[in-house]
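Trainee: Whatever this is, show me its structure:
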Amino acid sequence: MLWLKEREIACVAESVLNSEELDKTVARLLVVARNDGYAQGYVECSYHVVNALKVD
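Mentor: Got it, this is the predicted structure:
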């Protein structure tokens, strides 16, 4: 029962992080930030996204 309880939380978090909806939302936020001229915020957000996704 404990394994299931611990695994459920991990599965929920993994599902959210791997969701297409989250990817699309983050992409829209990046575009809006860039278009609005928030270059520093865009760079910082891009850094975090690339780092989180382990993209070169």
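
Trainee: now the helices for the protein?
Mentor: Assigned by DSSP state H, the chain shows helices spanning 2-17, 20-35, 39-53.

Trainee: Let's have the ones you listed in JSON lines, adding mean pLDDT.
Mentor: Output for the helices of the chain, formatted as JSON lines (pLDDT from 0 to 100):
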{"stretch": "helix 2-17", "mean pLDDT": "77"}
{"stretch": "helix 20-35", "mean pLDDT": "85"}
{"stretch": "helix 39-53", "mean pLDDT": "78"}
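
Trainee: Mean neighbour count added to the ones you listed, as TSV?
Mentor: No exception for glycine: its C-beta is placed from N, CA and C like everyone else's. Formatted as TSV, the helices of the chain follow (neighbours: other C-beta atoms under 10 Å):
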stretch	mean neighbour count
helix 2-17	9
helix 20-35	12
helix 39-53	12
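
Trainee: Who's the closest spatial neighbour of L29, skipping the chain neighbours?
Mentor: Of all residues not flanking L29 in the chain, C45 sits nearest, at 7.1 Å (C-beta to C-beta, 6 or more residues apart in numbering).

Trainee: I'd like to know how far that neighbour sits from L22.
Mentor: Look at C45 and L22: by C-beta to C-beta, to the nearest Å, they are 14 Å apart.

Trainee: Check what pLDDT D56 gets.
Mentor: According to the predicted model, the pLDDT of D56 comes to 57.

Trainee: One more: G37?
Mentor: In this model, G37 is scored at 69, pLDDT.

Trainee: from now on call the first residue 10
Mentor: Got it, first residue is 10 now, which makes that one G46.

Trainee: Is it correct that V25 is in contact with D32?
Mentor: No. Using C-beta atoms under 8 Å, V25 is not in contact with D32; the gap is 11.0 Å.

Trainee: Now do stretch 18-38: distance from first to last residue.
Mentor: For stretch 18-38, the first-to-last residue distance is 27 Å (C-alpha to C-alpha, to the nearest Å).

Trainee: Pull the contacting residues for A36.
Mentor: By C-beta atoms under 8 Å, 6 or more residues apart in numbering, the contact list for A36 is empty.

Trainee: any idea how far the closest residue to L39 other than its chain neighbours is from A42?
Mentor: Excluding its sequence neighbours, the residue lying closest to L39 (C-beta to C-beta, 6+ apart) is C54, at 6.1 Å. As judged by C-beta to C-beta, C54 and A42 stand 6 Å apart.
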